[in-house]
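Q: sequence first, then the predicted structure, then my questions.
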Amino acid sequence: MALAAAAVAAVVVAGGSGPAAAASGDYTQSVTQLNATQAQISFTPTTAARYVDVHYLSPNAGQQNFRMTNNAGTWQRTVSSLTSGFVLEYWFTYEKNGPQFDTPHFFYTQGGASTVATPTFSPPGGTYSSAQSVTIATATAGASIRYTLDGSTPTAASPLYTGPLTISATTTVRAIGVLAGQANSAVASATYAIGTATSCTTQPDIPNFGPNVRIFDPSMSTATVQAQLDADFNAQKDTQTAQMAGRRVAHLFKPGTYNVHDDVGFYTSVAGLGQNPGDVTINGDVTVDAFNASDAGNATQNFWRSAENLAIVPSSGSDRWAVSQAAPFRRIDVRGNLWLYPASFGFASGGYISDTRVSGQVSSASQQQWYTKDSNLGSWNGSVWNMVFSGTTGAPANSFPTPPMTTLGTTPVSRDVPYLYIDGTGKYRVFLPSLRTNASGASWAGGSTPGSSLPMSQFYVVKAADTASTINAALASGCNLFFTPGVYHLNQTLNVTRANTVVLGIGYPTLIPDNGVNAMQVADVDGVRIKGLLFDAGTTNSAALLTVGPSGSAADHAANPTTLQDVFFRIGGAAVGKATNSLVVNSNNVIVDHTWAWRADHGNAGTVGWTINTADTGVLVNGNNVLATGLFVEHYQKYEVVWNGQNGKTIFFQNEKPYDVPNQASWIGPNGLNGYAAYKVGPNVTTHEAWGSGSYCFFNANPAVNLYRSFEVPNTAGVRFHSVLTVSLNFNGTITHVINDTGAVTPSGTTPVKVTSYP
């Protein structure tokens, strides 16, 4: 059966914000069943397109992305291996007179009834200076639309949409498509903030990124590029002097091929400026190792460095990325093997891979724990305590507790990071990948990553001279933010109030709140994307470093969630720091994708101690339907994670308890038991699930200290934990139970205690 032609979709209007969505009347599309196992997708643009890409969720291989074949103006693609009743979710990216647009998602059922296409809004949700006339449409012919204006979930009994809605005050509009004989559509949601919008002041599309951003061109001599890479590495290399220093740097490679070796030191970001990883090729290495004699072959302090959006052809056949926390490896095409351990085989203590393809083998060896998401691996070898995979082809089978592999076939919801690239005219843009559900494999493995992009003219480039006042003025004017490498002291809170705002950092820009203010607050709006920031607590206590949504936030953001990606927190270490909470999530549907919240256990003299760098909780979640993928939280003085929202999910949790507890009497929880759990699910929560969680103790200040349990959860069938473990490092203190009263006391010899499932 064929799906109906596409009708109206969202458009970008002056004064607003939102992704580059398909415009009204731009195309028709359909699906025709060819036989029992094949269907043909067709797309006909109204204006001739230079290219059309189709993206769909395959029954066997996760998301697929293909350039369609142009047959006399109708672009087509045949999908195979379909079975009767399989619901094919698909969408398009197409070119129109230069800009690139995305369509909404469509659904086709092989040999059966379809699902109504998700409604779209025109104009999209965002911040506007005056009332808006909002049109809602679905691409399914004959379908009706039901909507709500109070943030509640629409049903078939909700008000019927009959014509444009006048939105004159801040409102969340939610809608579903309904048609007899077809399944109701997914819920669409858009938030309109009325009365505060102004236009972003004019910014250049080829901006000045300041002195800490190196931009390399393939026309430059290899010697010149290598000399700059080596100079930066020598300045950022030493663990004793560079780890807590204020220097920050980014290495950006324009599309082309480079024969260089980039050793990556502290606070260094390495990234390609192509739209896809293969646009920049490094014939050489992008390397992290235990570089210094003082490291003694151990990589457990290899923090704060990143690699992103390029291809590596390793000089010896294997690239080495021996890191610990806050060191993401994203959107990389490794044409060979990848080693996650130092050359000495000394320990490294945790890391993160996402949206990456490794043609050869990934070897973890002495790496203690790792999380790999939405990637394609040739194979994987190695495990110590806690290896977790979601949406990763080539991952080992689920085998926890022996060996300790936890493998999920897909990632429930994901959206890759926003990233900087150069378009065909030499202008800089920021690409915004689309939301994926039940994702498997790298988003670009079958073609270009689905999504839209924004010109740099819509970004304020934050550099050394900027203050909290100038940054807030840029936000208030409607700008997105692009933070360049540096350390920024804030004497007022940065307020992100506009839906779909992008805050993107490179080179570990570090935000330090002064005088006890909160560093950043995000309103309860759709689609904010924050990526690549380090929040460093100030000397006066802050209530929180980053807050998403005010207390009591109730809006549903499932269709366009806020994402926090490669966002890191530090309490002490570089300077005395104090903050009650690091991250507070009050909004619903937030995705926390790779964060490290760290109360420092070491650092510069006088910056670390039980009464010096004080912090209660690393991550506090009050919103519902929040997903954490790659959650690292360490050394906080009370509950390190508190999860009060319903239907939360965590895939991979890594924790160390505070080292410096002075004595048991000073560390008794409110329940009267020894210590505070690493991960506490609130007593009123009825649904929560976590996979691949580890908590370790090293009470070296007083080895007599005991923690009663690392995971404290309600005893209810809807709260479920899978693959959980505790470890006492070198028998410095003990943990009596793993989760509630389940699991044995930690033995000597750094031996894990494992619980396969709870309850």
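A: Perfect, I can see it now.

Q: who does residue 53 form a beta bridge with?
A: Beta-bridge pairing for residue 53 (DSSP bridges): residue 67, residue 93.

Q: list the contacts of it.
A: Residue 53 sits next to 65-68, 92-94, 447-448, 450 when contact means CB atoms under 8 Å, 6 or more residues apart in numbering. (C-beta placed from N, C-alpha, C; glycine too.)

Q: what does residue 418 give?
A: Residues near residue 418 by CB under 8 Å, 6+ apart: 430-433, 502, 504, 529, 531.

Q: and the contacts of residue 53, which are buried?
A: Taking 16 or more other CB atoms under 10 Å as the criterion, what is buried in the contacts of residue 53 is 65-66, 68, 92-94, 447-448, 450.

Q: any low-confidence regions in this protein?
A: The chain contains residues with pLDDT under 70 at 1-25, 61-62, 112-114, 124-129, 151, 193, 195-198.

Q: at 50 instead, please
A: By pLDDT under 50, the low-scoring segments of the chain are 1-21, 24.

Q: what segments of it are helices?
A: Secondary structure of the chain (DSSP state H): helices at 222-236, 239-242, 468-476.

Q: any idea how far the second one is from the chain center?
A: Here the centre of mass of C-alpha atoms in helix 239-242, compared against the chain's by CA atoms, centre = their mean, to the nearest Å, lies 28 Å away.

Q: and it, C-alpha only, in PDB?
A: The C-alpha trace of helix 239-242 is given here as PDB (Å, rounded to 0.1, in the frame of the first residue of the first chain):
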ATOM      1  CA  THR A 239      50.300  15.800  34.400                       C
ATOM      2  CA  GLN A 240      52.000  17.700  37.200                       C
ATOM      3  CA  THR A 241      51.800  21.200  35.700                       C
ATOM      4  CA  ALA A 242      49.200  21.200  32.900                       C
END
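
Q: so which bits of that helix are buried?
A: Residues of helix 239-242 classed as buried under the neighbour-count rule (16+ other CB under 10 Å) are 239, 242.

Q: what do you get for the first one?
A: In terms of neighbour count (16+ other CB under 10 Å), helix 222-236 has its buried residues at 225-226, 228-229, 232-233, 235-236.

Q: quick check: residue 723 touching residue 403?
A: No - here residue 723 does not reach residue 403: they are 11.3 Å apart, not a contact under CB atoms under 8 Å.

Q: quick one, which of the two is more surrounded?
A: residue 723 (25 against 11; other CB atoms under 10 Å).

Q: please name the residues that touch that one.
A: Neighbour list for residue 723: 386, 388, 400-401, 404, 406, 691-693, 754, 756-757 [criterion: CB under 8 Å, 6+ apart].

Q: and which of these is nearest residue 315?
A: Comparing those against residue 315 with CB to CB places residue 388 closest, at 30.1 Å.

Q: leaving out chain neighbours, which residue sits closest to that closest one?
A: Closest residue in space to residue 388, ignoring its immediate chain neighbours: residue 692 at 3.5 Å, by CB to CB, 6 or more residues apart in numbering.

Q: residues near residue 184, how many?
A: Burial measure for residue 184: 17 neighbouring residues, criterion other CB under 10 Å.

Q: quick one: it from residue 758, how far?
A: 35 Å (CB to CB, to the nearest Å).

Q: likewise for residue 247?
A: 45 Å.

Q: ditto for residue 171
A: From residue 171 over to residue 758 the distance is 42 Å, taken as CB to CB.

Q: related to what we said a few turns ago, pick the one among the buried ones among the contacts of residue 53 closest to residue 120.
A: Set against residue 120, the nearest of the buried ones among the contacts of residue 53 by CB to CB is residue 92 (13.3 Å).

Q: residue 345 - how many residues pack around it?
A: Neighbourhood size, residue 345 [other CB under 10 Å]: 11.

Q: surely it meets residue 297?
A: Yes - in this structure, residue 345 is within contact of residue 297 by CB under 8 Å, at 7.5 Å.

Q: what is the burial count for residue 607?
A: If you count neighbours by other CB under 10 Å, residue 607 ends up with 19.

Q: same thing with the one 3 residues further on?
A: The tally of other residues near residue 610 (other CB under 10 Å) stands at 15.

Q: against residue 602, how distant is the residue nearest to it when sequence neighbours are not counted?
A: Leaving aside its chain neighbours, residue 610 sits nearest to residue 660 (4.9 Å; criterion: CB to CB, 6+ apart). Residue 660 sits at a distance of 10 Å from residue 602 (criterion: CB to CB).

Q: what do the two both touch?
A: residue 608.

Q: which one of the two is surrounded by more residues?
A: Just comparing residue 660 and residue 602: by other CB under 10 Å the higher neighbour count belongs to residue 660, 20 against 12.

Q: in terms of contact, does that one touch residue 599 like I think?
A: No - applying CB under 8 Å, one finds residue 660 not in contact with residue 599, separated by 9.4 Å.

Q: about what we covered before: tabulate the helices of the chain (JSON lines), appending distance to residue 416.
A: JSON lines is the format used below for the helices of the chain (distance: least, CB to CB, whole Å):
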{"stretch": "helix 222-236", "distance to residue 416": "26"}
{"stretch": "helix 239-242", "distance to residue 416": "29"}
{"stretch": "helix 468-476", "distance to residue 416": "24"}
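
Q: compare the ones you listed and give me the one nearest residue 135.
A: Residue 135 lies closest to helix 468-476 among the helices of the chain, at 28.1 Å (CB to CB).

Q: identify each buried residue in that closest one, please.
A: Using 16+ other CB under 10 Å as the test for burial, helix 468-476 gives 468, 471-472, 474-476.

Q: residue 608: what's it in contact with?
A: Residue 608 makes contacts with 572-573, 600-602, 660, as judged by CB under 8 Å, 6+ apart.

Q: then the longest strand along the chain to PDB, C-alphas only?
A: When every strand of the chain is counted residue by residue (DSSP state E), the longest turns out to be strand 369-381. The C-alpha trace of strand 369-381 is given here as PDB (Å, rounded to 0.1, in the frame of the first residue of the first chain):
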ATOM      1  CA  GLN A 369      35.500   0.400  32.500                       C
ATOM      2  CA  TRP A 370      34.100   1.800  29.200                       C
ATOM      3  CA  TYR A 371      30.900   2.800  27.500                       C
ATOM      4  CA  THR A 372      30.400   2.600  23.700                       C
ATOM      5  CA  LYS A 373      27.300   3.900  22.100                       C
ATOM      6  CA  ASP A 374      25.800   4.000  18.600                       C
ATOM      7  CA  SER A 375      28.900   2.700  16.800                       C
ATOM      8  CA  ASN A 376      30.200   0.000  14.400                       C
ATOM      9  CA  LEU A 377      33.100  -2.100  15.600                       C
ATOM     10  CA  GLY A 378      35.000  -4.800  13.700                       C
ATOM     11  CA  SER A 379      35.300  -6.600  17.100                       C
ATOM     12  CA  TRP A 380      36.000  -6.000  20.800                       C
ATOM     13  CA  ASN A 381      38.600  -7.600  23.000                       C
END
